[in-house]
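Novice: Turn this into a structure:
(chains A and B)
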Amino acid sequence: MGTNTTTTLQGSNPLTAILTHKAFVLVLRVFLGALFVYSSADKVLDPERFAIAARAYKLLPVSFTNLFALVLSWSEMLAGIMLLFGVQTRKAAAAVFLLLVMFTIAIATTIVRGLAIDCGCFSNEGGSQTGYLLILRNIFLITASLIVMRFETGFLGLSRIVSRKTGNS
Amino acid sequence: MKFVENLMGGILIILAAGVIAIAQNAVRDDKIPLIPKVPAPVSEKPYTSRSPSESSAPAPVQSVGGVVPVGEGTPPVLLTDEELASGEVSRERLKGLLEGGRIVLIDARAAGEYETGHIAGAISVPYQALAEHYDGLIQKVPLDAVIVCYCRSVTCDDSENLAREMKFMGHKNVVTYKGGWDEWSQAGYPMESPNPGE
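Specialist: Okay, the predicted model is just below:
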């Protein structure tokens, strides 16, 4: 009876079952990791141009923008690599979550202030203007990072593989 | 509590990334200053251009920062769709724009070249020293201003690079004048020079 009850409860919400399935979480983790590595590569190589994008937001004093661009580009890169390879995945997902929340607030302020600027989100070449669509996209990414943070099990992650090998030897 | 713990871990990752970023920047050939130099007066001239007919008169001080909003006091100047699509204007068109209203004409050459001689009404924003001018450009040039960038001649690319940066900053009406200083000066069109006799 107990087994049947559990099966029934899990089966009663297939969406939750899918969202929390280790394969789905793995897909989200790799997707977020690859996205952040891709979007940060250009910024890491040319931080000065990323600093221009940061200045265009007019949220920080110009004196801070270079340091901000350097730290942010490497934060994206580091968190992306950690997600991609499954190292300290939940903490990396938390870093991605924090970065995305910050980006979203910054984009929202440009809408409120009527600034039409390039978001500087992916690479330095630009292309996406700040707007409601970007906020929607970020909400999706924030949700993905929260799912990874909450339900990640280490499935096919480097941390788990290394700990298993260490445990076996 | 696990959520807060993970968030703290996330903050640690960002801090670690900051250390890596500063260390990596310190050893790279094209390192950027952690605190960019921001000169208080970004340009001796206000970030606006004057028509050639006004070029002998002192620069007007119209508003805070010296920026004249496009269309203020003169008819608004608009670029055509073709010009915006191609991203450039011809010599004659630039002459017409300067005579027809207020635009922001930017000389992207080195400051020394600008001082030797430049198109009448142009301001100097050397592309190679762009970092020193960001603050002024962002704060003083209205996003809807018509901006024309030029450099030495068709063979230089500083004007195109500068135009791209301006677009990146959110300026919409940015074009280049490819012929540049060489073509303009050879045509004998309005110029400014500290020593006109030379």
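Novice: my read: residue B:123 touches residue B:103, true?
Specialist: No. Look at residue B:123 against residue B:103 with C-beta atoms under 8 Å: they stay out of range, at 10.9 Å. Any C-beta I mention is one placed from the backbone N, CA and C, and that applies to glycine too.
Novice: What ranges does chain A have for its helices?
Specialist: For chain A, the helices defined by DSSP state H occupy A:2-12, A:14-19, A:22-45, A:47-56, A:62-85, A:89-113, A:132-151, A:158-168.
Novice: need those helices in TSV with mean pLDDT and mean neighbour count, can you?
Specialist: Below are those laid out as TSV (pLDDT from 0 to 100; neighbours: other C-beta atoms under 10 Å in any protein chain shown):
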stretch	mean pLDDT	mean neighbour count
helix A:2-12	45	9
helix A:14-19	77	11
helix A:22-45	91	19
helix A:47-56	80	24
helix A:62-85	91	23
helix A:89-113	91	20
helix A:132-151	90	17
helix A:158-168	70	11
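Novice: Now residue B:136, what are its backbone angles?
Specialist: phi -60, psi -40 (degrees, to the nearest 10).
Novice: now it: how far from chain A?
Specialist: Using C-beta to the nearest C-beta, to the nearest Å, residue B:136 is found at 10 Å from chain A.
Novice: residues near that residue, how many?
Specialist: 22 (other C-beta atoms under 10 Å in any protein chain shown).
Novice: So the most centrally placed residue in chain A versus residue B:97, what's the distance?
Specialist: The centroid of chain A falls nearest to residue A:96 when counting by C-alpha atoms, centre = their mean (3.7 Å). For residue A:96, the distance to residue B:97 equals 47 Å [C-beta to C-beta, to the nearest Å].
Novice: Chain A contacts on chain B?
Specialist: Within chain B, the positions near chain A by C-beta under 8 Å from any C-beta of the partner chain are B:3, B:6-7, B:9-14, B:16-18, B:20-22, B:24-25, B:32-36, B:38, B:131, B:134-135, B:138, B:143, B:165, B:167-170, B:172.
Novice: my guess is residue B:150 meets residue B:113, correct?
Specialist: No. Assessed by C-beta under 8 Å, residue B:150 is found out of contact with residue B:113, at 11.3 Å.
Novice: which neighbours do the two share?
Specialist: B:107, B:181 (C-beta atoms under 8 Å, 6 or more residues apart in numbering or on different chains).
Novice: Residue ranges of each domain in chain B, please.
Specialist: Following automatic domain parsing, chain B resolves into domains at B:1-35, B:52-192.
Novice: circling back: can you say which of the helices of chain A is nearest to residue B:92?
Specialist: helix A:47-56 (32.4 Å; C-beta to C-beta).
Novice: And the helices in chain B, which stretches?
Specialist: B:2-27, B:81-86, B:91-100, B:111-116, B:134-140, B:158-168, B:180-187.
Novice: can you put these in TSV and add distance to residue A:134 and mean pLDDT?
Specialist: What follows is the helices of chain B, written out as TSV (distance: least, C-beta to C-beta, whole Å; pLDDT from 0 to 100):
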stretch	distance to residue A:134	mean pLDDT
helix B:2-27	21	91
helix B:81-86	23	83
helix B:91-100	34	84
helix B:111-116	38	86
helix B:134-140	20	73
helix B:158-168	16	85
helix B:180-187	37	90
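Novice: Columns distance to residue A:145 on top of those, output as TSV?
Specialist: Listed next are those as TSV, based on distance: least, C-beta to C-beta, whole Å:
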stretch	distance to residue A:145
helix B:2-27	9
helix B:81-86	38
helix B:91-100	48
helix B:111-116	46
helix B:134-140	31
helix B:158-168	27
helix B:180-187	48
